[in-house]
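> After the sequence you'll find the predicted model.
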Amino acid sequence: MPSIPLPPPVTLVTGPEELLADRAVSAVIARVRLVEPTADVRRLTASEVEPARLRELTSPSLFGDRTVLIIDQAHELGAESAAALAAYIRDPVDEVTLVLVHSGAANRAKAVLEACKATQAVQVSCPKMTKLSDRVDFVRSETRAVGRPLGDDAARALVDAVGSDLRELAAACSQLVADTEGPITPEVINRYYAGRAEVTSFQVADLAMEGRTAEALKQLRYALACGVAPVLVTSALAAGLRSIIRLGSAPSNARAGDLARDLGMPPWKIDVVRRQLRGWSPDGLAVAVAAVAQADGAVKGMGGAGDPGYALEKAVVSITAARA
């Protein structure tokens, strides 16, 4: 049986997505403990890292014991600590596996990042998942890993129901897999999250793009009452209009698969936007874009704006009217 290799001496985990960063750290720990089950795990924040303590924790063990040293918020390291850590990275100890969790900002603890680059340390990127398509892909990968794959429509329904937080999405996937049997369809998700699936910013935007004024306003009021941030609604409205503009400028006879590739949208999104596209004109889109821009300024408090809820309602009415 082939032996299991240890992780490299230094792993740099960068990016703001905390769930992915936590998983990357856990993967290193798990791999070390497959080889050495008694490995000691030490976890420090940047404020706890001092040159003297770093030397203590990275000194070779008399008994050859392995240590996994994790430094969180490495971007917050002071200049002296960053310099000491950079020196260690260039000359690591065999018995220590170092994991650095860094925001990825190039101007923070720069000496550490330069040392990692110079020594070709393994880097794990954990970017923020800002795109709807990224979150849809994420939930599909979560359920696929346990043998319960989701279709595009079901994955979108789950993201609509739960929102953008990856921890909540991961927990929702685990709960659905544990509590349901058979295919996980949009109907299953809507029943499971009854009342919650109707209050996301994306659903408000979809209804507005389709010109369904009364329903869009109802969902908007419900969403705000449930704590959806107004800025998320303007963001979803803007994203919906951008999708319509991009698809409207594409060749009308192009296949959904080709459009999905060229426009960077999943195939199911092409079908949704095609349905929404009917009824829109260039002039109408211009009016709608202006309405969203005005609402965005209002919800961010620009120009002494008043009630964000009223500004969003006004934007929804303007959008649905412009669609005609």
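Looks like it came in fine.

> all contacts plus neighbour counts: C-alpha atoms, from now on.
Fine.

> what about the closest residue to residue 211 other than its chain neighbours, distance to residue 280?
Closest residue in space to residue 211, ignoring its immediate chain neighbours: residue 320 at 4.3 Å, by CA to CA, 6 or more residues apart in numbering. Distance from residue 320 to residue 280, counting by CA to CA, to the nearest Å: 10 Å.

> Please apply the same query to residue 46.
53 Å.

> same question for the helix or strand containing residue 89, mean pLDDT?
In this assignment (DSSP states H and E), residue 89 forms part of helix 79-90. For helix 79-90, mean pLDDT rounds to 94.

> quick one: it to chain centroid distance?
Offset of helix 79-90 from its chain centre (CA atoms, centre = their mean, to the nearest Å): 31 Å.

> residues of that helix that come out buried?
81-86, 88-90 (16 or more other CA atoms under 10 Å).

> Give the other helices and strands that that helix contacts.
With contacts taken as 3 or more CA pairs under 8 Å, 6 or more residues apart in numbering; DSSP states H and E, helix 79-90 sits against helix 51-57, helix 110-118.

> So what touches it?
Outside of helix 79-90, the residues within contact range by CA atoms under 8 Å, 6 or more residues apart in numbering are 10, 49-51, 54, 109-112, 114-116, 118-119.

> give me that answer again for 6 Å
50-51, 109, 111-112, 115 (CA atoms under 6 Å, 6 or more residues apart in numbering).

> and the residues you listed as CSV, adding pLDDT and neighbour count?
Output for the contacts of helix 79-90, formatted as CSV (pLDDT from 0 to 100; neighbours: other CA atoms under 10 Å):
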residue, pLDDT, neighbour count
50, 91, 17
51, 91, 14
109, 91, 24
111, 94, 19
112, 95, 27
115, 95, 18
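
> Which of those residues sits closest to residue 287?
Of all the contacts of helix 79-90, residue 287 sits closest to residue 109, with 46.2 Å by CA to CA.
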